[in-house]
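A.B. asks: Structure for the following, please:
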Amino acid sequence: MTAATCTITPDQQADLAVKLDALGDAVSAAQATFERQLGQSFAIEGTPGSPDCDAVTFGSTVALTGDDANFTFAIVCDDEAASQVARWMFEIPREDEPGLADTADALNEIPNVAAGMWKARRDEKGERYQLGLPMFLRGSTWLRFFSKGVNAISQRMVGPEGIALQIVLIWQTGVKPGGIQSMSTEITQTADASAHLPVNVLQEATQAVVNTCDVQMGLPLEIEDNPADPREAAVDYGSNIALTTPEGGGWNLAVMGDRSSCEKLTRVLFAMEDDETPEMEDLADGIGEIANVAAGVFKASRLEAGQSVQIGLPLFMEGRGCIDFFASGLHGLSQSLNGPDGIVVHVIIIWQEG
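C.D. replies: Down below sits the predicted model:
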């Protein structure tokens, strides 16, 4: 487990220059986006470092997946900065407080546009990436607890009236995400090559989680009859991972559950004692591992259906994180799975219309 507050290790120094170059492109793209979209200028303050998680209330991320490297582009800020960005975006009077919908849409717009610019700049350097969906996030847990090999670097920027925010670039070194453990079963869920509707995708993702828990943990899970709105699910923790396509967008797969279920899953995965309480790092690793391997199984299932999918980086969620609010154009479906000892797992697919 790595934490964003840790110093970059000596083993990472060799490619730090590459990451700094990528962060530089991300910052330049964000500055250009603020200027073009909002008519606001932001200046770099200080030097790159670890994200300041204490200054993060809201954020928005976009996955950038490639054959050889994966990044997550994020903009994060506190309440004051988020409200001001929404006011600029939608010309809301200063005395009015923007609603959550406006805040999410405004924060999503910046990395969504800036990530496209970043992609174009990296294309010029011989790198090819696919763009995921913009995801609005609350809190900072997803920046505090990362899966093994995942790291983050941040640049603080300051705009008019002292409004400050951070541009964060998250990456993984050493291991390719998605199905890093070998699966010993064949994929039994075969889809028609033209079946790209969310319900069909949700069925494949659900089967991938069932297969993962069966093979990796010896844990049988039964699928409930009908999918539901994920915002109705009782969840406390989860892991969210992007699944991108060459056409753009794709989906986000989230594996979530309440505290009791997540602790039980973690104990089973790591062979812990029944009375042992997993630490937050254990929960992040455990749920992230399940989502990561399931994403690899899902990727294989999509390939059988004739569609190429790239896998992004797993981000750990404390609270409802990625599902308590969907910004404009985003939708979600949830499928519940029931296991022994009262375990309930919610498999959630998030997608964008149009």
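A.B. asks: domain ranges for this protein?
C.D. replies: 10-172, 198-352 (automatic domain parsing).
A.B. asks: and the end-to-end length of the last one?
C.D. replies: The separation between the terminal residues of domain 198-352, taken as CA to CA, to the nearest Å, is 10 Å.
A.B. asks: Over to stretch 159-170?
C.D. replies: End-to-end distance of stretch 159-170: 23 Å, with CA to CA as the criterion.
A.B. asks: Next, the buried residues of it.
C.D. replies: Buried residues in stretch 159-170, counted by 16 or more other CB atoms under 10 Å: 159, 163-170. Quick note: C-beta positions are derived from backbone N, CA and C, even for glycine.
A.B. asks: Also stretch 122-140?
C.D. replies: For stretch 122-140, a neighbour-count test (16+ other CB under 10 Å) marks 122, 127, 129-140 as buried.
A.B. asks: Return the subset of these lying in helices.
C.D. replies: Using DSSP state H, the members of the buried residues of stretch 122-140 that fall within helices are Arg122.
A.B. asks: Export the buried residues of stretch 122-140 as TSV, with columns for distance to Asp67.
C.D. replies: Formatted as TSV, these follow (distance: CB to CB, whole Å):
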residue	distance to Asp67
Arg122	13
Glu127	9
Tyr129	9
Gln130	10
Leu131	15
Gly132	15
Leu133	20
Pro134	23
Met135	22
Phe136	28
Leu137	27
Arg138	32
Gly139	32
Ser140	31
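A.B. asks: Among the buried residues of stretch 122-140, which ones are in strands?
C.D. replies: 130-131, 135-138 (DSSP state E).
A.B. asks: ok, so of the buried residues of stretch 122-140, who is nearest Phe326?
C.D. replies: Closest approach between the buried residues of stretch 122-140 and Phe326, by CB to CB: Phe136, at 7.9 Å.
A.B. asks: Could you pull up the residues touching the closest one?
C.D. replies: Neighbour list for Phe136: 58-60, 104, 107-108, 322, 325-327 [criterion: CB atoms under 8 Å, 6 or more residues apart in numbering].
A.B. asks: how close does it get to Asp79?
C.D. replies: 14 Å (CB to CB, to the nearest Å).
A.B. asks: thinking again about what came up before, could you dump the ones in strands among the buried residues of stretch 122-140 into CSV and include distance to Ala152 and pLDDT?
C.D. replies: Below are those laid out as CSV (distance: CB to CB, whole Å; pLDDT from 0 to 100):
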residue, distance to Ala152, pLDDT
Gln130, 20, 94
Leu131, 19, 94
Met135, 16, 93
Phe136, 18, 94
Leu137, 14, 93
Arg138, 18, 92
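A.B. asks: what's the closest of those residues to Ile241?
C.D. replies: Using CB to CB, these come closest to Ile241 at Met135, 10.6 Å.
A.B. asks: what's across from the closest one in the sheet?
C.D. replies: As for beta bridges, Met135 partners with Thr61 under DSSP bridges.
A.B. asks: Do you have the strands of the stretch 1-150 of the chain handy? List them.
C.D. replies: With DSSP state E, counting those that start in this stretch as the criterion, the stretch 1-150 of the chain has strands at 43-49, 58-65, 70-77, 130-131, 135-138, 150-158.
A.B. asks: out of these, which comes closest to Pro198?
C.D. replies: Comparing the strands of the stretch 1-150 of the chain by CB to CB, strand 135-138 comes nearest, at 16.1 Å.
A.B. asks: next one: stretch 65-72 to chain centre, how far?
C.D. replies: 13 Å (CA atoms, centre = their mean, to the nearest Å).
A.B. asks: got the buried residues for it?
C.D. replies: Using 16+ other CB under 10 Å as the test for burial, stretch 65-72 gives 65, 69-72.
A.B. asks: Look up phi and psi at Leu253.
C.D. replies: phi -100, psi 130 (degrees, to the nearest 10).
A.B. asks: So Met272 sits against Thr266, correct?
C.D. replies: Yes - if you go by CB atoms under 8 Å, Met272 and Thr266 touch, sitting 7.0 Å apart.
A.B. asks: Compare those two and say which one has the larger neighbour count.
C.D. replies: Between Met272 and Thr266, Thr266 has the larger neighbour count (other CB atoms under 10 Å), namely 23 against 16.
A.B. asks: got the CA positions of stretch 141-153 in PDB?
C.D. replies: Output in PDB follows, covering the C-alpha atoms of stretch 141-153 (Å, rounded to 0.1, in the frame of the first residue of the first chain):
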ATOM      1  CA  THR A 141      -9.700   9.100   0.700                       C
ATOM      2  CA  TRP A 142      -9.100   8.100  -3.000                       C
ATOM      3  CA  LEU A 143      -5.900  10.300  -2.800                       C
ATOM      4  CA  ARG A 144      -4.700   8.900   0.500                       C
ATOM      5  CA  PHE A 145      -4.900   5.200  -0.100                       C
ATOM      6  CA  PHE A 146      -3.500   3.700  -3.300                       C
ATOM      7  CA  SER A 147      -3.000   0.100  -4.500                       C
ATOM      8  CA  LYS A 148       0.500  -1.200  -4.800                       C
ATOM      9  CA  GLY A 149       2.600   0.500  -7.400                       C
ATOM     10  CA  VAL A 150       0.200   3.500  -7.700                       C
ATOM     11  CA  ASN A 151       1.700   6.900  -7.100                       C
ATOM     12  CA  ALA A 152       0.600  10.500  -7.400                       C
ATOM     13  CA  ILE A 153       2.300  13.900  -8.100                       C
END
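A.B. asks: chain center to that stretch, what's the gap?
C.D. replies: Mean-position distance between stretch 141-153 and its chain equals 11 Å (CA atoms, centre = their mean).
A.B. asks: on that earlier part again, name the residues contacting each of Met272 and Thr266.
C.D. replies: Residues touching both Met272 and Thr266 by CB under 8 Å, 6+ apart: 278, 282.
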